[in-house]
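Chemist: Give me coordinates for this.
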Amino acid sequence: MPRNKRVWLLLDSSTFGGIETHVLELAKGLIAFKQNVKVVFLTSHKPTPPLIAQLQSANIDTTILAVDYPQHSIWLRLNKAIDKAASQNQKPTVIHAHGYKANILLRLSRLFGATSAINIVSTFHAGETPIGKVRWYDAVDRVSAIASHKRICVSRAIQGKVPCSSVLVNNFVPQTEFLESTNQNVAFVGRLSPEKGPDTFLDIANRFPRNAFHVYGSGDMEQELKQHNSPNVTFHGHQKEMAPVWPDIDVLLITSKYEGLPMAALEAMSRGIPLISFKLGELPSMIDSGINGWIVDNNQEMYNALKHWFSLSPAEKAQVKLNAQQTIEQNYSTKVIIPQVLSIYGFTDTVTP
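Modeler: Down below sits the predicted model:
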C-alpha cells in the first residue's frame with residue numbers, strides 16, 4: 001500500500017483504560033499493515049499518560065498538541081498542526097478520533113475548513129450514559145456525529161444511541177500466547193465504579209470463601225469495597241500493564257451494568273482465559289455458553305456458572321480455554337479487523353502484514 005497515506009489517531013488521555021488499549025492496538029495493527037501512523041494527543045497531563053510510554057516503546061510516532069503549540073487555544077492547536085503537516089507535504093489522509101473531546105474538536109475543525117480533503121472518522125466506545133459534565137460532552141458528541149465522514153461503533157447498543165448511520169466494528173487484540181493457568185484464581189479487571197459492578201464481584205466472592213478472588217483496578221469505590229473485609233479477596237490496585245498479570249488469572253468475571261465489547265474481555269480470551277459475563281453489548285455474540293465461556297442473566301446464574309467451572313476436570317477446562325482463544329483468533333484479532341478499518345478509511349488496496 002502506498003506510504004503517502006497518513007493516519008492520525010486523535011485523543012485526550014490521562015490514564016489507561018479501554019480507549020487507550022484500543023488506540024494502542026489500532027496503531028500497532030495499522031503499522032503491521034504498512035500504514036504511516038501518528039498518535040496525536042490534545043492536551044498535556046502530569047504525570048505522563050501511560051499510553052505515551054507504551055506507544056514510544058513500540059516506536060510509534062506521537063505528538064502532544066499542547067506541547068507543540070502552547071501559545072494557542074485548544075481549538076486552534078489541531079488546525080496549526082494540520083497546516084504545518086501540509087507545509088511539509090505530510091498532511092494526514094485520515095484523522096480518526098476517539099473519545100468525546102477529540103471527536104468534538106475534530107468536527108469543529110472540519111466546520112472551519114482546517115480538515116479539507118481529510119477523511120474524518122469517529123469511533124464511539126461508550127455504551128453507558130455518563131453523569132456530571134461528561135454527560136454534556138457525550139450528548140454533544142452524539143448530536144454532532146453527522147459532521148464526521150464515517151462513524152464506527154464497537155457494539156450494536158452503542159450504534160442505537162448514535163443518531164446517524166454508523167459501521168459496527170468489533171474491538172480487537174493481537175494473537176497471544178495461550179496460558180495454561182491452574183491457579184483457580186477468579187478476577188475482576190476494570191475501574192472500581194458503579195457501572196462496572198465491582199460490588200457484584202464481591203458478592204460472588206463471599207459465596208466462595210475457599211477460593212481466591214482478585215481485583216485489578218482502582219476508582220471511587222475502592223475504599224468502600226475494601227471495608228467489606230473479604231478475606232479471600234485481594235485488591236491489587238491500578239495496573240499500568242496487564243501482561244504480567246494475565247498468567248495468574250484462571251477465569252474473568254464481567255459484572256458491569258453497561259459494556260460494548262470490553263478490551264479486558266478480548267485480552268483475557270485471547271490468552272485462553274474464559275469469561276463469565278452478564279448479557280452486555282456484543283458479549284453474547286462472542287460467548288457461546290458452556291463452549292468458550294458463559295453468559296448469565298443475574299447474580300445467581302453467575303454463581304452457578306462459576307461453581308460449574310470449579311467442578312470441571314482439567315481436560316474440560318482446557319477445552320473451554322482453547323475454544324475461547326480460537327474465538328478471538330477467528331473473529332476479533334488484528335488480522336481480521338484491521339482490513340475492515342482500512343476499508344472505512346477508503347484505503348482499498350490493503351496489504352497483508
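
Chemist: next SSE after the strand or helix carrying Thr62?
Modeler: Element membership of Thr62, judged by DSSP states H and E, is strand 61-64. The helix or strand immediately downstream of strand 61-64 is helix 65-68, counting by DSSP H and E.

Chemist: So for that following helix, what gets flagged as buried?
Modeler: Of the residues in helix 65-68, Leu65 count as buried by neighbour count, 16 or more other Cβ atoms under 10 Å. For glycine as for every other residue, the C-beta is placed from the backbone atoms N, C-alpha and C.

Chemist: Contacts only, for Asn211.
Modeler: 184, 186, 205, 232, 310 (Cβ atoms under 8 Å, 6 or more residues apart in numbering).

Chemist: can I assume it sits in a strand?
Modeler: No: counting by DSSP: H, G, I helix; E, B strand; the rest coil, Asn211 is not found in a strand; it is coil.

Chemist: pLDDT score assigned to it?
Modeler: With respect to pLDDT, Asn211 has a value of 95.

Chemist: ok, back up a step: can you select the buried ones among the contacts of Asn211 for me in PyMOL?
Modeler: Paste this into PyMOL to select the buried members of these, with burial taken from 16+ other Cβ under 10 Å:
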select buried, resi 186+205
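
Chemist: now the contacts of Asn211 as JSON lines including secondary structure, pLDDT and distance to Ile273?
Modeler: Below are the contacts of Asn211 laid out as JSON lines (DSSP: H, G, I helix; E, B strand; the rest coil; pLDDT from 0 to 100; distance: Cβ to Cβ, whole Å):
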{"residue": "Gln184", "secondary structure": "coil", "pLDDT": "84", "distance to Ile273": "12"}
{"residue": "Val186", "secondary structure": "strand", "pLDDT": "97", "distance to Ile273": "11"}
{"residue": "Ala205", "secondary structure": "helix", "pLDDT": "97", "distance to Ile273": "17"}
{"residue": "Asn232", "secondary structure": "coil", "pLDDT": "96", "distance to Ile273": "19"}
{"residue": "Phe310", "secondary structure": "helix", "pLDDT": "95", "distance to Ile273": "15"}
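
Chemist: measure Leu65 to Lys38 for me?
Modeler: Applying Cβ to Cβ, to the nearest Å, the value for Leu65 to Lys38 is 11 Å.

Chemist: Ala79: how many residues sit nearby?
Modeler: One thing to correct before we go on: residue 79 is Asn, not Ala. 19 (other Cβ atoms under 10 Å).

Chemist: where does this structure have low pLDDT?
Modeler: For the chain, applying pLDDT under 70 flags the ranges 1-3, 127-131, 181-182, 350-353.

Chemist: quick one: furthest residue from the center of it?
Modeler: Centroid-distance maximum for the chain: Ser87 at 34.0 Å, with Cα atoms, centre = their mean.

Chemist: Neighbouring strands - and their directions - for the strand holding Thr62?
Modeler: Sheet partners assigned to strand 61-64 using DSSP bridges are listed as strand 36-41 (parallel).

Chemist: The strand it pairs with: how far from the chain's middle?
Modeler: 17 Å (Cα atoms, centre = their mean, to the nearest Å).

Chemist: Equivalent analysis for stretch 221-236, please.
Modeler: Centroid displacement of stretch 221-236 relative to its chain, using Cα atoms, centre = their mean, is 25 Å.

Chemist: Just the buried residues of it, please?
Modeler: Residues 221-222, 225, 230, 233, 235 are the ones in stretch 221-236 that count as buried (16+ other Cβ under 10 Å).

Chemist: Likewise for stretch 82-93?
Modeler: By 16+ other Cβ under 10 Å, the buried positions in stretch 82-93 come out as 82, 85, 91-93.

Chemist: So what touches it?
Modeler: Stretch 82-93 has contacts (Cβ under 8 Å, 6+ apart) with 4-8, 38, 109, 114-115, 117-119, 345.

Chemist: Buried ones from the residues you listed, can you make that a ChimeraX selection?
Modeler: Entered in ChimeraX, the line below selects the buried ones among those, by 16+ other Cβ under 10 Å:
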select :5,6,7,8,38,109,114,115,118,119,345
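
Chemist: roughly how far apart are the residue farthest from the centre of the chain and Gly272?
Modeler: Distance, Ser87 to Gly272, by Cβ to Cβ: 50 Å.

Chemist: what's the answer for Asp138, then?
Modeler: Shown here: Asp138 relative to Gly272, a distance of 35 Å by Cβ to Cβ.

Chemist: can I assume Phe235 sits in a strand?
Modeler: Yes: counting by three-state DSSP, Phe235 falls inside a strand.

Chemist: May I have stretch 113-124 as PDB, with CA atoms only?
Modeler: The C-alpha trace of stretch 113-124 is given here as PDB (Å, rounded to 0.1, in the frame of the first residue of the first chain):
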ATOM      1  CA  GLY A 113     -12.200  24.200   6.900                       C
ATOM      2  CA  ALA A 114      -9.000  23.000   8.600                       C
ATOM      3  CA  THR A 115      -9.500  19.400   7.600                       C
ATOM      4  CA  SER A 116     -10.300  20.000   4.000                       C
ATOM      5  CA  ALA A 117      -9.600  16.900   1.900                       C
ATOM      6  CA  ILE A 118      -9.000  14.800   5.100                       C
ATOM      7  CA  ASN A 119     -11.300  11.900   5.800                       C
ATOM      8  CA  ILE A 120     -12.800  12.400   9.300                       C
ATOM      9  CA  VAL A 121     -13.600   9.200  11.200                       C
ATOM     10  CA  SER A 122     -15.100   8.900  14.700                       C
ATOM     11  CA  THR A 123     -15.200   5.900  17.000                       C
ATOM     12  CA  PHE A 124     -17.900   5.700  19.700                       C
END
